[in-house]
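S.K.: Got a predicted model here, sequence first, then my questions.
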There are 2 protein chains.
Amino acid sequence: MRRHNTAMVLAEVLRRPGLSRAGVAAATGLAKATVSSLVDRLVAARLVDESGPQSATGRGRRGTGLVPSPTGPHGLGVEIGVDYVATCLVDPTGGEHAHRVRPGDNRGRPPAEVLAAVNRAVRSAKADAGRRGVAVGGLGVAVPGLVDRVSGVVRAAPNLGWSDVDIPAALGAELPVLVDNEANLAAVGELATGELAGTRDFVLVSAEIGVGAGVVLDGAVRRGTHGFTGEIGHVCVDPDGPVCSCGARGCLERMAGPAAILADAGVTAASAPLDRPLADLAGRLAAADPAALAAVRRAGVRLGIALAGVVNLLDVPAVVLGGGYARLHDWLAGPLGEELDRRVIAAQWSPTAVLVSALGGKAAVYGAGQAALREILADPDTYIRRVADPAS
Amino acid sequence: MRRHNTAMVLAEVLRRPGLSRAGVAAATGLAKATVSSLVDRLVAARLVDESGPQSATGRGRRGTGLVPSPTGPHGLGVEIGVDYVATCLVDPTGGEHAHRVRPGDNRGRPPAEVLAAVNRAVRSAKADAGRRGVAVGGLGVAVPGLVDRVSGVVRAAPNLGWSDVDIPAALGAELPVLVDNEANLAAVGELATGELAGTRDFVLVSAEIGVGAGVVLDGAVRRGTHGFTGEIGHVCVDPDGPVCSCGARGCLERMAGPAAILADAGVTAASAPLDRPLADLAGRLAAADPAALAAVRRAGVRLGIALAGVVNLLDVPAVVLGGGYARLHDWLAGPLGEELDRRVIAAQWSPTAVLVSALGGKAAVYGAGQAALREILADPDTYIRRVADPAS
DNA sequence: AGCTTTTGGTTCGGGCACTGAACTTAATCC
DNA sequence: GGATTAAGTTCAGTGCCCGAACCAAAAGCT
């Protein structure tokens, strides 16, 4: 009961920062007395701060504003990338701190070795938090692979060469650990920042080596029955198109994936890290190179065909371009938007917004930190008990 | 608090009928005493029945089985179709009773007139319930159009020629009224019956005049930000295909919709009611007519292209064929399944099931009744208070 | 048969959390 | 400066859940 109400009160403060106790009481339907006592607990746990008296809104005593505390428990985000380990801290207001990337090739290295490095990174991030005088409330880990949602075991991470790696066990039981797919956590990150803050539905299309999507509906990342959600790369864009590695014809990835765009634009690209050639391509686009412009335009139309299907099916008000697509946004958004306007049935009532990822490469780490934080903010009572009574 | 716990207890009984009080206590984590008192309330409200002593499972006293009561409050489902009004009653076990279809062309008739007819149908269904000695706990109304989720106002129903019709107001305030789109409620219906009972994720593709889809994720029908979810008919199947009424090329509806299949198979069809020509087509298929078989096979492949995209994106374990497609299931499922196996990335781990609608044309009415019922079952405490104290 | 063991279900006192009303504090308006 | 309005706190009252003790019923052992 108290658990539920504490969560309600905190949720209200997060939703409308600066609200007074009385305002929270009105919004939640709880009695003023109840809200007061719950707010006291939240303030004691440093989850909420009093921001001083509100500005006058009429006559009568002014309320004391309540805001999420930037010095409350932080979420510690970790991303295990193919060639780096990144960490960052996320405070209850959503602020990001101590972002750090440690390069190092993790491909094919024994998991234990990588996890030892991760552990060092985590300890160092905790030390950062200590220096800042804030507590770390939980850990979020982003992995480029399939993760069992409940146990946190990595079932398969082909790009790392991992299977059945128990990350929570490896990171010790000091703090609650949450493990999830890198794309899902990137979507969580986007969900919490920039233009998307407050949006409850969108699709994030991200070009990395392949093309993936994060699907956010009703404010939650959808993972699907097996955790395979987001394989948009193999949506059919042209049944007569070229054969894709998956065996089918005309997949989005084959026709508008980063490799396809680069080839179409005549940019020579090595295999794995596409950052460099994409930067080259962006340069040519900025210089108005006709071949590059045409290639990106074609990719935009194809992306539009695929995304129009998604938007028609799910009625999301926005699509977000992430990963490699984020860098091409300025040139992609036009043709993509036109194609969406043409094909989306609901476009005449409300056109679909085409946005850029606000976080770029940081999305996954930040999302991991956010996710860890959200566990606490969604159930503050459990956190309060945990810090009050270290026994359990 | 009690509200939450009462709902938990009832949910557990619905999930595992025949469970004893002790079993519920173990499953929910509540104290036996609490469960006893809550069960008493549920039994008094006729939501739960005692089914007598359980069979022996070892030594010790046998528990008294608890089951959802078939004589508890029923959900009254109403479907306002283009050329009929249908009603039915759904009991707490999911059983359907008193299904009745009243033909009558509602196209272009003034809403007030249609609603008067609906009101008569509702009264008659209530009388049916009275004769059966059961209470009606709530009303669900299925409408072929866009509905405001919170107010229950029909924003637009092109096939009826309606806009901004306030159905709850027209049906009086005696009972809680829930209004939703016909396709969404059909999905609710499927969700509750047959092979799908217990499934939490699937996509229902239904061929009526157009092609629509119901999307069920995590056990809930997804409606989208504007309520436009499910416009799968305009997913692109071939960018070089024929021009569709929506202006784009190669839409699923234009290439594998009922009209397209009939034309492809050489079945002459009048415009509006496609029941007859579809029956003709089914006849030809049964007689192994080569043109008909080839046309349906082509449609299956095209449906497969569109649905593979959906399955790749959302990772649903099953697609369900409804409406006109249900009749063609035996011939569609083969090519459709093959196409899904070919195109769905996760198919090698778990192939996508292709199922038939278990309810056929009754899905929407039944779903409407189910939805009304679920409102009660999801929050039994509110219902119990309502019947105990008619004041509120 | 009678006793023990095991499990299901009820009764009852205790305690926690929410509520409503009264009260204090603080601001505006006249 | 008093009236009015609103925020926030204090406090007694109440509802609901819990644990423990207690009855009930069934199986197994002697």
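M.R.: Now that the structure is in, tell me what you want to look at.
S.K.: rest of the way, CA atoms for contacts and neighbours
M.R.: Will do.
S.K.: quick one: low-confidence ranges for chain A?
M.R.: In the predicted model of chain A, residues A:269-273, A:389-392 satisfy pLDDT under 70.
S.K.: Distance from the longest helix along chain A to the middle of the chain?
M.R.: Assignment by DSSP state H gives helix A:290-314 as the longest helix of chain A. Between the centre of helix A:290-314 and the centre of its host chain there is 23 Å, according to CA atoms, centre = their mean, to the nearest Å.
S.K.: Which other helices and strands does it contact?
M.R.: helix A:252-256, helix A:258-265, helix A:275-286, helix A:329-343 (3 or more CA pairs under 8 Å, 6 or more residues apart in numbering or on different chains; DSSP states H and E).
S.K.: Going along the chain from it, find the next helix or strand for me.
M.R.: strand A:318-323 (DSSP states H and E).
S.K.: So in that sheet, which strands flank that next one, and in what orientation?
M.R.: In the sheet, strand A:318-323 lines up against strand A:202-207 (parallel), strand A:353-356 (parallel) (DSSP bridges).
S.K.: Which of these has the highest mean neighbour count?
M.R.: Of all those, strand A:202-207 has the most neighbours on average by mean count of other CA atoms under 10 Å in any protein chain shown, namely a mean of 26.
S.K.: quick check: angle from that one to helix A:258-265?
M.R.: 60 degrees (axes from the mean of the first three to the mean of the last three CA atoms, to 10 degrees).
S.K.: one step back: pick the most deeply packed of the helices and strands packed on helix A:290-314.
M.R.: Stretch with highest mean neighbour count among the helices and strands packed on helix A:290-314: helix A:252-256 (a mean of 26; mean count of other CA under 10 Å).
S.K.: ok, and what's touching stretch A:43-57?
M.R.: Stretch A:43-57 is contacted from outside by A:10, A:18, A:20, A:39, A:42, A:62-69, A:71-73, A:92, A:384, using CA atoms under 8 Å, 6 or more residues apart in numbering or on different chains.
S.K.: does any bit of it sit next to DNA strand C?
M.R.: Yes: applying CA under 7 Å from any atom of the strand, one finds stretch A:43-57 touching DNA strand C at A:Pro53, A:Ala56.
S.K.: so where do the helices sit in the stretch 1-150 of chain A?
M.R.: Taking DSSP state H, counting those that start in this stretch as the criterion, the stretch 1-150 of chain A contains helices spanning A:2-15, A:21-28, A:32-44, A:111-132.
S.K.: could those helices go into JSON lines alongside mean neighbour count and distance to DNA strand D?
M.R.: Below are the helices of the stretch 1-150 of chain A laid out as JSON lines (neighbours: other CA atoms under 10 Å in any protein chain shown; distance: least, CA to the nearest atom of the strand, whole Å):
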{"stretch": "helix A:2-15", "mean neighbour count": "19", "distance to DNA strand D": "11"}
{"stretch": "helix A:21-28", "mean neighbour count": "18", "distance to DNA strand D": "3"}
{"stretch": "helix A:32-44", "mean neighbour count": "17", "distance to DNA strand D": "4"}
{"stretch": "helix A:111-132", "mean neighbour count": "16", "distance to DNA strand D": "28"}
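S.K.: which parts of the stretch 1-150 of chain A sit against chain B?
M.R.: A:Met1 (CA under 8 Å from any CA of the partner chain).
S.K.: Touching, A:Arg249 and A:His234? I think so.
M.R.: No: A:Arg249 lies out of contact with A:His234 (CA atoms under 8 Å); the separation is 9.1 Å.
S.K.: more neighbours, the two?
M.R.: Taking neighbours as other CA atoms under 10 Å in any protein chain shown, A:Arg249 and A:His234 compare with A:His234 leading, 30 against 21.
S.K.: In contact with the more buried one, which residues?
M.R.: Applying CA under 8 Å, 6+ apart, the residues near A:His234 are A:Cys246, A:Cys251, A:Leu252, A:Glu253, B:Gly309, B:Asn312, B:Arg343, B:Val344, B:Ile345.
S.K.: I'd like to know how many residues surround the spatially closest residue to the last one that is not a sequence neighbour.
M.R.: Read it as B:Ile345. Distances taken as CA to CA, 6 or more residues apart in numbering or on different chains put B:Asn312 closest to B:Ile345, at 6.6 Å, once the chain neighbours are dropped. By the measure other CA under 10 Å, the count of residues near B:Asn312 is 24.
S.K.: so what's the residue nearest to A:Ala256 when sequence neighbours are not counted up against?
M.R.: Excluding the flanking residues, the one nearest A:Ala256 by CA to CA, 6+ apart is A:Ala299, at 4.8 Å. By CA under 8 Å, 6+ apart, the contact list for A:Ala299 reads A:Met255, A:Ala256, A:Gly257, A:Ile261, A:Leu332.
S.K.: ok so, going back, could you pull out the buried residues of the longest helix of chain A?
M.R.: A:292-314 (16 or more other CA atoms under 10 Å in any protein chain shown).
S.K.: Please apply the same query to stretch A:190-205.
M.R.: Those would be A:Glu190, A:Leu191, A:Ala192, A:Thr193, A:Leu196, A:Thr199, A:Arg200, A:Asp201, A:Phe202, A:Val203, A:Leu204, A:Val205, for stretch A:190-205 by 16+ other CA under 10 Å.
S.K.: which residue packs closest to the fifth one, ignoring adjacent ones?
M.R.: For A:Leu196, the nearest residue in space outside its immediate sequence neighbours is A:Glu190; the separation is 6.5 Å by CA to CA, 6+ apart.
S.K.: Helix, strand, or coil at the one you found?
M.R.: helix (DSSP: H, G, I helix; E, B strand; the rest coil).
S.K.: Also A:Val267?
M.R.: Three-state call for A:Val267 (three-state DSSP): coil.
S.K.: Give the burial count for it, as a bare number.
M.R.: 17.
S.K.: what does A:Gly189 give?
M.R.: Neighbours of A:Gly189 using other CA under 10 Å come to 27.
S.K.: Now do the closest residue in space to it that isn't next to it in sequence against B:Arg302, distance only.
M.R.: In space, and not counting its chain neighbours, A:Gly189 is closest to A:Gly367: 3.6 Å by CA to CA, 6+ apart. The gap separating A:Gly367 from B:Arg302 is 37 Å, by CA to CA, to the nearest Å.
S.K.: so the residue nearest to A:Leu196 makes contact with A:Val365?
M.R.: No: counting by CA under 8 Å, A:Glu190 does not reach A:Val365; the two are 11.1 Å apart.
S.K.: Can you name the residue of the stretch 51-200 of chain A nearest to chain B?
M.R.: Residue nearest to chain B within the stretch 51-200 of chain A (CA to the nearest CA): A:Arg200, separated by 8.3 Å.
S.K.: helix/strand/coil for that residue?
M.R.: A:Arg200 ends up coil, using three-state DSSP.
S.K.: which residues sit in contact with the nearest residue to it once chain neighbours are set aside?
M.R.: Nearest residue to A:Arg200, sequence neighbours excluded (CA to CA, 6+ apart): A:Gly219, at 4.1 Å. By CA under 8 Å, 6+ apart, A:Gly219 lies in contact with A:Leu191, A:Thr199, A:Arg200, A:Asp201.
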